[in-house]
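**Q** Got a sequence here, can you model it:
(one chain, ligands or ions: 1)
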Amino acid sequence: MRYKQFNNKVFIRIDKGEELVESLKTICRTLDIKLGSIIGIGATDRVTVGLMNTKTKKYQSKEFMGDHEITSLVGNISRMNGEVYLHLHVTFCNVKQKALGGHLYSAVISATFEGFIEIIDGQILREYDQTLGLNLLQL
Ligand code: FE
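**A** Next up is the predicted model:
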């Protein structure tokens, strides 16, 4: 993975075979980013996404193999328990141009990924909310 920072903006390239979520976390740790937003596009051949079951308060995850375009990755960067916390959602298309998506757990890049982080000068923490079963932003 490579990146280039221009003041509070970072351009990112993640390469074939690299895992997207871990690569983004590594960049956030290296640059000590506490708060920000992420967008990106690319391609993956192994992606795992989840869907929150609001009754059981558990995520149901599913893996998709084969060539998919990452048509849109959107998310935010915050901190929880001193660690970088990424909340990422993704939409990806298969060979029939059918769009799938969900809460992103992992994606192995199959060609390239081009991302963009905007750093916000501030800090927002997350805390677990028992009612929802989610790590909520503490605003
Ligand atoms: Fe989510």
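**Q** so where do the helices sit in this structure?
**A** Using DSSP state H, the helices of the chain run over residues 20-30.
**Q** centroid residue for it?
**A** Leu88 (3.4 Å; C-alpha atoms, centre = their mean).
**Q** didn't that one look like it was pressed against Val21?
**A** Yes: Leu88 lies in contact with Val21 (C-beta atoms under 8 Å); the separation is 6.7 Å. (C-beta placed from N, C-alpha, C; glycine too.)
**Q** got any residues that touch both of those two?
**A** Residues touching both Leu88 and Val21 by C-beta atoms under 8 Å, 6 or more residues apart in numbering: Leu104.
**Q** then the strand ranked longest in the chain to CSV, C-alphas only?
**A** Of all segments of type strand in the chain, defined using DSSP state E, the longest is strand 58-80. Extracted C-alpha coordinates of strand 58-80, given in CSV (Å, rounded to 0.1, in the frame of the first residue of the first chain):
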residue,chain,number,x,y,z
LYS,A,58,-25.7,-9.7,16.0
TYR,A,59,-24.1,-9.2,12.7
GLN,A,60,-24.7,-11.9,10.1
SER,A,61,-21.7,-12.0,7.8
LYS,A,62,-21.3,-13.5,4.3
GLU,A,63,-18.3,-13.9,2.0
PHE,A,64,-18.3,-13.4,-1.7
MET,A,65,-15.6,-14.8,-4.0
GLY,A,66,-14.7,-14.0,-7.6
ASP,A,67,-14.3,-10.7,-9.4
HIS,A,68,-16.2,-7.7,-8.1
GLU,A,69,-15.8,-4.0,-8.6
ILE,A,70,-15.9,-2.0,-5.4
THR,A,71,-18.2,0.7,-6.8
SER,A,72,-18.3,2.6,-3.5
LEU,A,73,-16.6,2.4,-0.1
VAL,A,74,-17.8,5.0,2.4
GLY,A,75,-16.8,5.2,6.1
ASN,A,76,-15.5,7.1,9.0
ILE,A,77,-12.5,6.9,11.4
SER,A,78,-12.8,7.3,15.1
ARG,A,79,-11.2,5.8,18.2
MET,A,80,-12.3,3.2,20.7
